[in-house]
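Engineer: I would like the atomic coordinates for the input below:
(4 chains)
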Protein chains: 2
Amino acid sequence: MTRDYADDPRLTAVGLLSEAYLGLHAKLACQIAEHGLSMIEFEILIRLGRTPGGQLRMTDLAAQTSLTASGVTRVVDRLERDSLVTRTACPSDRRSLYTVITQSGRARLEAVLPRHVELIDEWFTGQLTPKALDDLLSGLRTVRDTVRPGAEAGIKNAAALTR
Amino acid sequence: MTRDYADDPRLTAVGLLSEAYLGLHAKLACQIAEHGLSMIEFEILIRLGRTPGGQLRMTDLAAQTSLTASGVTRVVDRLERDSLVTRTACPSDRRSLYTVITQSGRARLEAVLPRHVELIDEWFTGQLTPKALDDLLSGLRTVRDTVRPGAEAGIKNAAALTR
DNA sequence: ACACAATAGTTGCGAACACAACTATATACA
DNA sequence: TGTATATAGTTGTGTTCGCAACTATTGTGT
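Structural biologist: Predicted structure coming up:
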């Protein structure tokens, strides 16, 4: 009976998604690690770096990443220890803290990003024709919108910036 | 300067891949957890279940998953504790061990799989037209082959079965 | 104004896993 | 054959992170 599912195309599809993601993730993590960062630390720096003011609340970071609030606390702990971010009080809500990227944090991003996007191109986007890439991203967007309702780009940033 | 990369399409592409994968993974993990398994335990059971003889060596499992040899040891420890697999000696190489799926392990797969593939369809494959799904999978295959050379379906199984 | 519920963030604890060191066995080559 | 090297698997140790419990603050209903 088990063998009925052995080559089920739906399982294969998930396997393909996993292998593509995990394989790319592992290779990119190597480059990031050369700069003393983990992928999640890098992701948080990027999200801070592209926010006006370079700051987000802990809760916003949790909503934008795969981490829980507890996980965000600890990642920010490490980033703060390395002086890549600071915690500053939120004037309008004394329960909240802004995580703010420092000059040193921005400098680290500068050091990582140029080669990083080169590698993405080398291993991912540059491997496909523009049409094939469009098709791929369009499919991924559909899946993303299905499994993460409310994760579309604008919505979370809007929410994050209205506090 | 950092802002130069704020909306770089290559970073966006990776973000989309991550969100699609992590979102789907999290939802599927919930269903698997209802049956007392983690995703990685489920993945290993599936790989064993579809192998002739229901057995693979620890090393093969490590090669087919995102785990190191050490990680495989501990996952198989847990599966063995729950009587879903057993370790048996490899006659041709006394360093090696086969991990063999038990009847109980197959039964667990039976319990999980029907609903599992339904959910994959609901959240992933069924969200796309056949053409769009084909395009998506074709793109993923290209990326997978780039970042995991030698991971094409037949190769590893062939290697695994020739010992 | 006053309880009561909801929310932001942190901390203790435990599970999962990578890395490096280790044992046992197999292979290569001199 | 004997020795060096490579490989299979396990174990000790440290890191990361989720969950639940906790504190502090804010919002809600009366």
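Engineer: which strands and helices sit next to whichever helix or strand A:E80 is part of?
Structural biologist: Here A:E80, judged by DSSP states H and E, is contained in helix A:69-81. Counting contacts by 3 or more Cβ pairs under 8 Å, 6 or more residues apart in numbering or on different chains; DSSP states H and E, helix A:69-81 is packed against helix A:39-49, helix A:58-64, strand A:85-89. Every residue, glycine included, has its C-beta placed from N, CA and C.
Engineer: Is there contact, residue-wise, from the longest one to DNA strand C?
Structural biologist: No: Helix A:39-49 does not reach DNA strand C (Cβ under 7 Å from any atom of the strand); its nearest approach is 12.4 Å.
Engineer: Name the nearest residue to the residue sitting nearest the centre point of chain A, ignoring sequence neighbours.
Structural biologist: In chain A, the C-alpha nearest the mean C-alpha coordinate belongs to A:E43, at 4.3 Å (Cα atoms, centre = their mean). Nearest non-adjacent residue to A:E43, counting by Cβ to Cβ, 6 or more residues apart in numbering or on different chains: A:T65, 6.2 Å away.
Engineer: neighbours around that neighbour, how many?
Structural biologist: 17 (other Cβ atoms under 10 Å in any protein chain shown).
Engineer: quick revisit: wait, the residue nearest to the centre of chain A sits on A:L61?
Structural biologist: No: the criterion here is Cβ atoms under 8 Å, and A:E43 misses it with A:L61 at 9.3 Å.
Engineer: ok, the helix holding A:E80 near DNA strand D or not?
Structural biologist: Yes: using Cβ under 7 Å from any atom of the strand, helix A:69-81 reaches DNA strand D at A:A69, A:S70, A:G71, A:R74, A:V75, A:R78.
Engineer: mind listing what the nearest residue to the first one once chain neighbours are set aside touches?
Structural biologist: So the one you mean is A:A69. Closest residue to A:A69 apart from its sequence neighbours, by Cβ to Cβ, 6+ apart: A:A62 at 4.9 Å. By Cβ atoms under 8 Å, 6 or more residues apart in numbering or on different chains, the contact list for A:A62 reads A:T68, A:A69, A:G71, A:V72.
Engineer: Sort out which one of these lies nearest A:R95 for me.
Structural biologist: Nearest to A:R95 out of the contacts of A:A62 is A:A69 (Cβ to Cβ; 11.9 Å).
Engineer: part of a helix, is A:E19?
Structural biologist: Yes: remark: A:E19 belongs to a helix, assigned using DSSP: H, G, I helix; E, B strand; the rest coil.
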